[in-house]
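Trainee: Sequence below, structure please.
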Amino acid sequence: MPSLVYKTPLLVPIPTTFDEYLKRATKKCRYEQKNATAIDYHEVEFDKDEVAYWMELWEKQPIKGGFPRWRKYTPDKFAALYEQKILHVFSCGRGLQMVEKYDEYIYAHPPLYEKTDSIAKPMWFGLIEWCCGKIEWLDLGGGAQKRWNQLERLGYKWLYVPKDIELMPWKVQVCECGWRQLVEGNSRCRSCRR
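Mentor: The predicted model follows:
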């Protein structure tokens with residue numbers, strides 16, 4: 001089975017400092033960051049039971065008229081990624097967020113929290129701040145959707161995309177071995193060499 005290659009609509013270039021990120025951010029983004037709830041967003045050890053709790057809670061909460069589903073991810077899959085040193089887990093006490101780090105690229109899963117608690121924005125800002133100086137690209141989890149120029153800047157994740165972003169030639173390649181990488185076209189997997 002060949003690797004899946006898709007364009008990612010929400011790929012954010014990450015600078016070396018959070019201040020540099022904010023300088024490139026839109027006025028609305030800077031306003032939201034300044035007024036975001038203060039949280040203690042930090043990396044934590046993987047706890048399978050806690051991950052299972054937040055995943056189950058997330059699936060029980062309606063989002064845009066439907067219920068989110070974890071298609072290919074399970075607590076066991078996340079545990080395997082953590083053992084491979086690919087998964088990083090972050091907590092703010094009232095929510096959990098997981099990301100997959102591949103070289104200079106991170107694929108971010110959505111923050112998991114009680115929907116009555118509005119902490120998603122500060123969690124995204126916490127993740128972006130953590131990424132500064134560690135990676136080059138943050139994928140906000142747009143998935144195999146439309147390309148940049150086919151999307152309207154309406155989704156809440158557009159808030160985090162810098163105002164001067166240009167159309168990116170990059171695509172995300174997901175190999176059947178599970179490795180993700182940014183490519184300009186099709187290429188061999190850096191992990192399993194397929």
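Trainee: Can you give me the buried ones in stretch 73-89?
Mentor: By neighbour count with 16 or more other CB atoms under 10 Å, stretch 73-89 contains the buried residues 75, 78-79, 81-82, 86-89. To be clear about C-beta, it is placed using only N, CA and C from the backbone, and glycine gets the same treatment.
Trainee: List just the nearest of the residues you listed to residue 131.
Mentor: residue 88 (10.0 Å; CB to CB).
Trainee: Tell me where this structure has helices.
Mentor: Applying DSSP state H to the chain gives helices spanning 18-24, 27-34, 48-59, 75-83, 120-131.
Trainee: now for the last one, which elements pack on it?
Mentor: Spelled out, it's helix 120-131. helix 18-24, helix 27-34, strand 87-91, strand 95-102, strand 137-139 (3 or more CB pairs under 8 Å, 6 or more residues apart in numbering; DSSP states H and E).
Trainee: hmm, 6 Å instead?
Mentor: The criterion is 3 or more CB pairs under 6 Å, 6 or more residues apart in numbering; DSSP states H and E, and there are no helices or strands that helix 120-131 contacts.
Trainee: who touches it?
Mentor: 14, 18, 32-33, 36-37, 39, 41, 95, 97, 111, 138, 160 (CB atoms under 6 Å, 6 or more residues apart in numbering).
Trainee: Select, from those residues, the two members most distant in space.
Mentor: 14 and 37 (22.7 Å).
Trainee: Those two - which one has more neighbours?
Mentor: residue 14 (23 against 12; other CB atoms under 10 Å).
Trainee: Just want to check the distance between the more buried one and residue 131.
Mentor: Distance of residue 14 to residue 131, given as CB to CB, to the nearest Å: 5 Å.
Trainee: what sits in contact with each of those two?
Mentor: With CB under 6 Å, 6+ apart, residue 14 and residue 131 have common neighbours residue 138.
Trainee: Residue 157 against residue 141, yeah?
Mentor: No - using CB atoms under 6 Å, residue 157 is not in contact with residue 141, being 7.4 Å away.
Trainee: Looking at these two, which one has more neighbours?
Mentor: Of the pair residue 157 and residue 141, residue 157 is the one with more neighbours under other CB under 10 Å, namely 18 against 15.
Trainee: That concludes my questions; thank you for your assistance.
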